[in-house]
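Chemist: Below are the sequence and a predicted model; questions follow.
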Amino acid sequence: MDLPLVARGKVREVYDAGDDRLLLVASDRISAYDHVLPTPIPDKGRVLTQLSVWWFEQLTPVLSAFGATHHLVSATDVPAGVAGRAMLVRRLDMLPVECVARGYLSGSGTVEYSRTGSIRDVTLPPGLVEGSRLPEPVFTPSTKAEVGEHDEAIDFARVVSLVGAARAEELRELTLALYRRGAEVAAGAGILLADTKFEFGLGADGGLVLGDEVLTPDSSRFWPASSWAPGAPQPSFDKQYVRDWLTSSGWDRVSPPPELPDDVVAATRERYVAAYEQLTGTSFR
Ligand SMILES: C[C@H](c1ccccc1)n1cc(-c2ncnc(N)c2C#N)cn1
């Protein structure tokens, strides 16, 4: 890629495409247990990019209801070397809030709930366990961490201090509305959208714009609805083969992770393709 690099994530890069445009490139890298694995998953970048493109279309009515838009300019007008796994997007003034919506209790949410009986400002009923469906989806914002660190959970008051009261309210309501639409579509495809993270920015006209990738297995927890069983960690739709193999390999989760065997790579590629095909109802090609 001969464009200037703007930012590098674990599995993605952002390049300066000039004229107030950025190029978001998704790699075939996969991360598990907070490590980027040495073995790529063929087509992962293309599948997740095409899934984001599809979701931007699906979410446009929800965005319009809030007077908001999304940042996607083109997923075809991109350099040949990254064809199918890059999005040309509008450069935004990104808001410093990771807008997370949770429909189910899991991970850090379960820890917070077991300590306090609530998640952030939202009191929850007693008796919920890992994997429980929440009575209503909850907005659980965080601030972007430095590279390699975990995002820091923040409460709504902190969001207000960061972006103002009106914008904070707008972020919460829009995040929850986008999550609800995503969860509804996913449920129809046999996938439980346990939680997801959106990023927003401001466009040149000051309007709210949905950025980043949306509703992919990298920005969300996808659980197969068929195996949902609250009371224990739920299997990941896409990463469970990798997690199970890494655990069985004896890897200590601290030293550099081992290469994945071919069958785990192939099975994982198939999970990404299945997620795309089940959600969109179209064949991945
Ligand atoms: C966090 C995320 C990231 C993605 C990929 C790799 C590392 C970081 N990122 C998004 C922007 C960004 N900045 C200005 N306008 C935009 N439309 C976007 C977007 N999307 C900068 N970084």
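Modeler: That came through fine.

Chemist: can you tell me the helix or strand for residue 7?
Modeler: Here residue 7, judged by DSSP states H and E, is contained in strand 5-8.

Chemist: Give me the contact status of that strand with the ligand.
Modeler: Yes. Strand 5-8 reaches the ligand (CB under 6 Å from any ligand atom) through 7, 8. Placement of C-beta: from N, CA and C, glycine included.

Chemist: near the ligand, which residues of the chain show up?
Modeler: Counting by CB under 6 Å from any ligand atom, the chain sits next to the ligand at 7-9, 12-14, 22, 24, 71, 89-92, 94, 201, 211-212.

Chemist: which of those are buried?
Modeler: When the residues of the chain next to the ligand are checked for burial by 16 or more other CB atoms under 10 Å, the buried set is 9, 12-14, 22, 24, 71, 89-92, 201, 211-212.

Chemist: Which ones among those residues lie within strands?
Modeler: Cross-referencing these against strands under DSSP state E gives 12, 13, 14, 22, 24, 89, 90, 201, 211.

Chemist: could the residues you listed go into CSV alongside pLDDT?
Modeler: Below are these laid out as CSV (pLDDT from 0 to 100):
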residue, pLDDT
12, 98
13, 98
14, 98
22, 98
24, 98
89, 98
90, 98
201, 98
211, 98
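
Chemist: Name all residues that make contact with residue 107.
Modeler: residue 221 (CB atoms under 8 Å, 6 or more residues apart in numbering).

Chemist: distance of residue 57 from residue 221?
Modeler: Separation of residue 57 from residue 221 (CB to CB, to the nearest Å): 22 Å.

Chemist: the more surrounded of the two?
Modeler: Higher neighbour count among residue 57 and residue 221: residue 221, with 21 against 11, using other CB atoms under 10 Å.

Chemist: Without its sequence neighbours, what residue ends up closest to that one?
Modeler: Nearest non-adjacent residue to residue 221, counting by CB to CB, 6 or more residues apart in numbering: residue 194, 3.8 Å away.

Chemist: Quick one, grab the pLDDT at that neighbour.
Modeler: Confidence at residue 194, expressed as pLDDT, is 98.

Chemist: Parallel or antiparallel, list what pairs with the helix or strand hosting it.
Modeler: Using DSSP H and E, residue 194 maps to strand 191-202. Sheet pairing for strand 191-202, assigned by DSSP bridges, gives strand 93-94 (antiparallel), strand 99-104 (antiparallel), strand 208-211 (antiparallel), strand 220-224 (antiparallel).

Chemist: what sits against residue 158?
Modeler: Counted by CB under 8 Å, 6+ apart, residue 158 has contacts 141, 143.

Chemist: Do a quick rundown of the strands in the stretch 101-250 of the chain.
Modeler: Remark: strands assigned in the stretch 101-250 of the chain by DSSP state E, counting those that start in this stretch are 118-119, 122-123, 133-139, 142-143, 152-153, 191-202, 208-211, 220-224.

Chemist: Could you check how far the fifth one is from the centre of its chain?
Modeler: In terms of CA atoms, centre = their mean, to the nearest Å, the centre of strand 152-153 is found 16 Å from the chain centre.

Chemist: Tell me which strands that strand pairs with, and in which orientation.
Modeler: Strand 152-153 is paired, per DSSP bridges, with strand 142-143 (antiparallel).

Chemist: If anything else comes up later, I'll come back, but that's it for now.
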